[in-house]
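Asks: Structure, please.
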Amino acid sequence: SEKEDGEEGGCRVWKRCEDGVNEESVRSDGGGWGGGGGVGGVGGGGVVFFLMIRRPPRSTLFPYTTLFRSVFLTALLGSVWIFSEPASAQGLIQGRSLGMANAFTSIARGVYAPGWNPANLALDGNPGFDFNLVGVGIRVGNSTLSKHFYDLYNGKTLNEKDKSDILNRVPDNGLRFLMDTQLQALGVAYKSFAFTVSGFAGTNIAIDKDYLDIVLHGIDMNRKYSLGDNQGGSLSYSKIAFSAAHRFSVPFVDFVAVGVNAGYLVGIGVAEIRQMQAEFYNSYDGYADGKLLARYALLGRGFSLDLGVATVYKNWNVGLAVSNMLGSIKWTGERKAHWESFRTLVNLNVFSVSQTSDGDSIVQRDSSDYTPPPFSTRLPVEMRIGASRTWRSFLFAVDYHQGFANRPGVSPKPYLAVGGEWHGIGFLPLRFGLGLGGYYGISPAMGFGLHAGFFKFDLGWMFRGGLLPSYAKGVSLGMNLNFRF
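Replies: From the prediction side, this is the model:
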């Protein structure tokens with residue numbers, strides 16, 4: 001407990017000094033272990049938080065360099081794997097459907113029927129010939145952050161209540177980000193048949209909530225941190241699909257239409273964090289360990305099958321569709337997997353470290369790169385049920401969506417949407433909608449179209465997770481341009 005030369009009140013060991021400098025003053029000076037100065041953690045899934053610790057006096061240097069270099073490398077590798085490739089978006093994101101909050105299962109016609117309910121190709125209301133020139137959609141969002149959230153805390157000195165409020169806004173399964181996109185490069189529909197070419201990409205990332213706790217509160221003494229709830233996945237592929245539908249006469253209703261959408265999948269790339277965990281205990285006898293398993297692949301092939309049924313009952317269009325009832329991509333091209341782990345070999349304290357001439361010898365690091373065997377990626381299954389009816393110049397629709405996986409564009413939480421379209425101005429249809437549940441909760445939507453003869457342009461947008469734009473945690477935008485005859 002003696003002073004370093006040239007330092008006033010500095011301590012070799014983090015404890016009360018003989019000259020009266022107590023623990024609290026050492027912490028406030030930034031010299032404590034994990035207190036005072038900039039603190040953070042190491043993040044997975046595309047985000048890295050740096051742990052910044054003031055160097056203790058040289059005679060008792062704790063091997064943070066070696067230890068947290070291992071943690072940092074594990075997190076950095078996770079970041080690289082996450083962003084190696086884009087990823088998967090399920091379902092069409094296009095102007096008209098977005099403007100109605102995706103209450104579109106019973107409404108989709110022409111080139112858009114295969115993506116929502118292929119049975120709709122056999123219903124009335126389809127154009128004789130429909131050609132999609134371009135259709136583009138993008139969706140970005142997260143689980144927590146909004147403009148209102150940013151304005152609330154930006155530039156503010158945070159007290160304990162603020163920090164608790166921030167952490168309470170983060171779900172227990174971590175801070176999550178997603179982005180997915182869809183491009184329909186070509187679509188042709190003629191009567192009850194359709195041919196479409198689409199591209200999909202999306203990314204889903206989750207960061208353990210404890211990382212944010214470390215950033216806000218620092219690293220506490222005598223506490224174990226388990227940073228294991230990190231996830232990430234990316235997938236991109238193209239889909240070439242042929243769709244057909246046919247009507248069948250049945251009792252009780254005029255007919256039932258059955259449709260199928262069979263697709264050939266060309267996998268572009270996939271990247272996955274299969275396992276990413278880190279744990280450390282901060283005390284006078286601390287320890288740390290962590291592991292990472294990640295893989296990626298380029299080029300794959302597969303098939304998908306979507307089924308749908310539809311009918312008309314008392315002027316209501318009703319439909320049910322299941323996407324990816326069969327659907328997977330087998331990756332047979334370039335493949336690589338990486339394994340990284342580290343662990344401390346002894347309890348970490350100033351006494352055990354002082355007996356070691358080389359700090360690296362107290363931390364064991366292992367890593368390997370290898371080529372995994374061909375593997376398959378299963379596309380997430382989603383069921384949609386919808387109904388719609390036209391009354392005068394107003395079209396009303398309601399949808400229920402149920403996903404069976406937690407993937408980009410699909411949520412296992414039920415989603416209910418209601419939407420409307422007003423045709424009071426012939427060339428300018430106006431749309432609005434409201435979604436409830438799913439990944440974001442409440443999601444208002446709106447949009448419009450410009451229709452002049454065979455020329456059809458539609459634009460729509462939907463705010464995710466808030467009634468007002470400033471409270472939204474994400475946004476979806478979509479547009480499409482068609483020629484219909």
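
Asks: Flag every buried residue along stretch 467-474.
Replies: 472, 473, 474 (16 or more other C-beta atoms under 10 Å). Any C-beta I mention is one placed from the backbone N, CA and C, and that applies to glycine too.

Asks: same question, stretch 187-197
Replies: Quick answer for stretch 187-197 (16+ other C-beta under 10 Å): 187, 189, 192, 194, 196, 197.

Asks: Quote the end-to-end distance of that stretch.
Replies: 6 Å (C-alpha to C-alpha, to the nearest Å).

Asks: Mind checking the pLDDT average for that stretch?
Replies: Stretch 187-197 carries an average pLDDT of 95.

Asks: Mind exporting the C-alpha coordinates of stretch 293-301 to PDB?
Replies: Only the C-alpha atoms of stretch 293-301 are listed here, as PDB (Å, rounded to 0.1, in the frame of the first residue of the first chain):
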ATOM      1  CA  LEU A 293     -18.800 -20.900 -32.900                       C
ATOM      2  CA  ALA A 294     -19.700 -19.400 -36.300                       C
ATOM      3  CA  ARG A 295     -20.000 -20.600 -39.900                       C
ATOM      4  CA  TYR A 296     -20.700 -19.200 -43.300                       C
ATOM      5  CA  ALA A 297     -21.400 -20.700 -46.700                       C
ATOM      6  CA  LEU A 298     -21.600 -19.400 -50.300                       C
ATOM      7  CA  LEU A 299     -23.800 -20.900 -53.000                       C
ATOM      8  CA  GLY A 300     -26.600 -23.300 -52.400                       C
ATOM      9  CA  ARG A 301     -29.600 -24.800 -54.000                       C
END
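
Asks: starting at the chain centroid, how far to it?
Replies: 18 Å (C-alpha atoms, centre = their mean, to the nearest Å).

Asks: Just the buried positions in it, please.
Replies: Residues of stretch 293-301 classed as buried: 293, 294, 295, 296, 297, 298, 300 (neighbour count, 16+ other C-beta under 10 Å).

Asks: Am I right that the fourth one is in contact with residue 268?
Replies: In other words, residue 296. No. Using C-beta atoms under 8 Å, residue 296 is not in contact with residue 268; the gap is 11.5 Å.

Asks: In the stretch 201-350 of the chain, where is pLDDT below threshold?
Replies: Counting by pLDDT under 70, the ranges of the stretch 201-350 of the chain that qualify are 229, 348-350.

Asks: Adding pLDDT, secondary structure and distance to residue 396, write the buried residues of stretch 467-474 out as TSV.
Replies: Below are those laid out as TSV (pLDDT from 0 to 100; DSSP: H, G, I helix; E, B strand; the rest coil; distance: C-beta to C-beta, whole Å):
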residue	pLDDT	secondary structure	distance to residue 396
472	95	coil	25
473	94	coil	28
474	93	strand	26
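
Asks: now, which of those sits nearest residue 329?
Replies: Nearest to residue 329 out of those is residue 474 (C-beta to C-beta; 26.3 Å).

Asks: Which strand residues bridge the closest residue to that closest one other than its chain neighbours?
Replies: If the residues on either side of it in the chain are set aside, residue 474 comes closest to residue 141, at 2.0 Å by C-beta to C-beta, 6 or more residues apart in numbering. Counting by DSSP bridges, residue 141 is bridged to residue 178, residue 474.

Asks: distance of residue 141 from residue 479?
Replies: 19 Å (C-beta to C-beta, to the nearest Å).

Asks: roughly how far apart are residue 231 and residue 166?
Replies: According to C-beta to C-beta, residue 231 stands 21 Å off from residue 166.

Asks: neighbour count winner among those two?
Replies: Counted by other C-beta atoms under 10 Å, residue 231 and residue 166 do not tie: residue 231 has more neighbours, with 22 against 18.

Asks: mind listing what that one touches?
Replies: 45, 174, 204, 205, 206, 273, 276 (C-beta atoms under 8 Å, 6 or more residues apart in numbering).

Asks: ok, residue 216 - contacts?
Replies: Shown in contact with residue 216 (C-beta under 8 Å, 6+ apart): 158, 163, 166, 167.

Asks: Assign residue 115 to helix, strand or coil.
Replies: The three-state label given to residue 115 by DSSP: H, G, I helix; E, B strand; the rest coil is helix.

Asks: The one 5 residues further on now?
Replies: Put simply, residue 120 is helix when judged by three-state DSSP.

Asks: cool, the one 4 residues further on as well?
Replies: Local secondary structure at residue 124 is given as coil here, using three-state DSSP.

Asks: That one: neighbouring residues, count only.
Replies: With other C-beta under 10 Å as criterion, residue 124 counts 8.

Asks: tell me the pLDDT at it?
Replies: 93.

Asks: what's the answer for residue 134, then?
Replies: Looking at residue 134, its pLDDT reads 88.

Asks: pretty sure it contacts residue 483?
Replies: No. The criterion here is C-beta under 8 Å, and residue 134 misses it with residue 483 at 11.1 Å.

Asks: Stretch 274-287: which residues count as buried?
Replies: 274, 276, 277, 278, 279, 280, 281, 282, 283, 286, 287.

Asks: Helices along the stretch 51-200 of the chain, start to end?
Replies: Along the stretch 51-200 of the chain, counting by DSSP state H, counting those that start in this stretch, helices occupy 64-82, 95-99, 113-116, 147-153, 160-169.
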